[in-house]
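A.B. asks: A predicted structure for the sequence below; I have some questions about it.
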Amino acid sequence: MSPTFRALHNPNYRRYAIGSLVSNTGTWMQRVAQDWLVLRLTHGSGTALGITTGLQFLPVLLLSPYAGVVADRFAKRRLLQLTQLTMALASLILGVLAVGGVAQVWHVYVIAFLFGIGSAFDAPARQSFVSEMVGPDDLTNAVGLNSATFNAARIIGPAVAGLMIGALGGGAWATGWVILINAASYAAVIWQLQHMDTTLLHSPKRVARTPGMLLEGVRYIRSQPKMMAILVMVFFAGTFGMNFQITSALMATHVFGKGAGEFGILGSAMAAGSLIGALLAARRVRIRLRLVAGAAVGFGISEMVAGVMPTYLTFALMCPLIGVCTLTMLNSANATMQLESQPALRGRVMALYMTIVMGGTPIGSPLIGWVGQHFGARWTLLAGGLLTLLGVALAVVLFARPTRDQADAGQERVQVAAA
């Protein structure tokens, strides 16, 4: 088997990868449909779109640290089945409301928040469950393939959703059917989790509940300069730069005057670049912190360049480059956080990492949406890219120097992993 796909020899991981591809495709279909539904209900309000995205990620900010404690204390396979069921029910309700023609903006807000609760508990359990499915020799490859699967779904999902919405008339009714397809797709993950061979799982001993478990994880991360540097960089990128749902929607509709199909194609173009980055990551053996910083700089610059592209075609051509930079940055960051952390703390470490990566979205999304509505869609990309570059500079000045000095001495290499 090719080194790029060697983790697929594991039957549990093979089932997991197939189920994840189906479910992730449905999730990306819903993201396009949900955004389009909000735009239809609000007559193109960027602020409403930002609020929706912010509410969906707010539970990550509020609950992810506690979700990490839960992931370390309970069986991750069962926990994942519960979180998948929760998100399926939220999608089912929104889909029924949209198909029934009674969906209102506040319905989308509430359901986006409920969906986010499921996501908050799902992320740390899912990220740390990979090490239970495969042995240490295949771990870096498996997490790289996870990213490849996720981004393959990003290529398929938005394109299918955009075409389907357009074919069904482009209204709220059309978005509802797309969302209902996503609700059904969660069955694939729930089924594969149920049918795993538990004798092949490398499940660690569950951590007993003790006072201060969350603070223990925070203190551990604060003692690691490399982790702190990464968290600063991904906070700025995740909060201000990675609002692609908003920026792509505003650029497609407000700047280029395009419809749902062209909006979906932009997401697929960016995912194509991310898929390339993920496959490269699956083959990578070693990584330095400078790769995280370099990819973040590349992301910030490419996003700013995209913001001044004169036509829809030139903007679409920039999307794959943004995708490569984004995926390289996140894969490298995720690698360090997973493989540098102690196994007993991994759930909490990854939960805090996801809090920083995604938890800033409730702050950044409404702000970026407001910027787009009042100053123009192009400024959503220019501001996001500039603030990402500022985050890299702060990380290097505040935390990265000790790590860089040690890396130059040949002591700070880590194996790559990506969720």
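C.D. replies: Cool, the structure landed.
A.B. asks: need the strands for the stretch 251-400 of the chain, in chain order.
C.D. replies: For the stretch 251-400 of the chain, applying DSSP state E, counting those that start in this stretch gives strands covering 286-287.
A.B. asks: poorly predicted segments of it, please.
C.D. replies: Regions of the stretch 251-400 of the chain meeting the criterion pLDDT under 70 cover residues 284-287, 359, 400.
A.B. asks: can you show me the helices along it?
C.D. replies: 260-283, 289-307, 312-340, 346-359, 361-375, 378-395 (DSSP state H, counting those that start in this stretch).
A.B. asks: confidence score at the residue nearest to Phe129 when sequence neighbours are not counted?
C.D. replies: If the residues on either side of it in the chain are set aside, Phe129 comes closest to Lys76, at 4.3 Å by CB to CB, 6 or more residues apart in numbering. C-betas here are computed from N, CA, C, even on glycine. Lys76 carries a pLDDT score of 86 in this model.
A.B. asks: for Gln192, see how far away the closest residue to Thr328 other than its chain neighbours is.
C.D. replies: Nearest non-adjacent residue to Thr328, counting by CB to CB, 6+ apart: Ala295, 4.0 Å away. With the distance defined as CB to CB, to the nearest Å, Ala295 ends up 31 Å from Gln192.
A.B. asks: and these two? which has more neighbours close in?
C.D. replies: Legend: neighbour count by other CB atoms under 10 Å for Ala295 and Gln192, higher for Ala295 (24 against 19).
A.B. asks: is it true that that one touches Ile322?
C.D. replies: No: counting by CB atoms under 8 Å, Ala295 does not reach Ile322; the two are 11.1 Å apart.
A.B. asks: thinking again about what came up before, so what's the residue nearest to Thr328 up against?
C.D. replies: With contact set as CB atoms under 8 Å, 6 or more residues apart in numbering, Ala295 has these partners: 325-326, 328-329, 332.
A.B. asks: try Gly277
C.D. replies: 147, 151, 323-328, 331.
A.B. asks: give the contact list for the nearest residue to it once chain neighbours are set aside.
C.D. replies: Spatial nearest neighbour of Gly277, chain neighbours left out: Leu327 (3.4 Å); criterion: CB to CB, 6+ apart. The contact partners of Leu327, by CB under 8 Å, 6+ apart, come to 147, 151, 273-275, 277-278, 281, 418.
A.B. asks: do that again at 7 Å, thanks
C.D. replies: Going by CB atoms under 7 Å, 6 or more residues apart in numbering, Leu327 touches 147, 151, 274, 277-278.
A.B. asks: same question, Leu387
C.D. replies: 236, 240-241 are the contacts of Leu387 under CB under 7 Å, 6+ apart.
A.B. asks: save the contacts of Gly277 as TSV, and put in distance to Val32 too.
C.D. replies: Listed next are the contacts of Gly277 as TSV, based on distance: CB to CB, whole Å:
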residue	distance to Val32
Ser147	20
Asn151	15
Gly323	16
Val324	21
Cys325	22
Thr326	18
Leu327	19
Thr328	24
Asn331	24
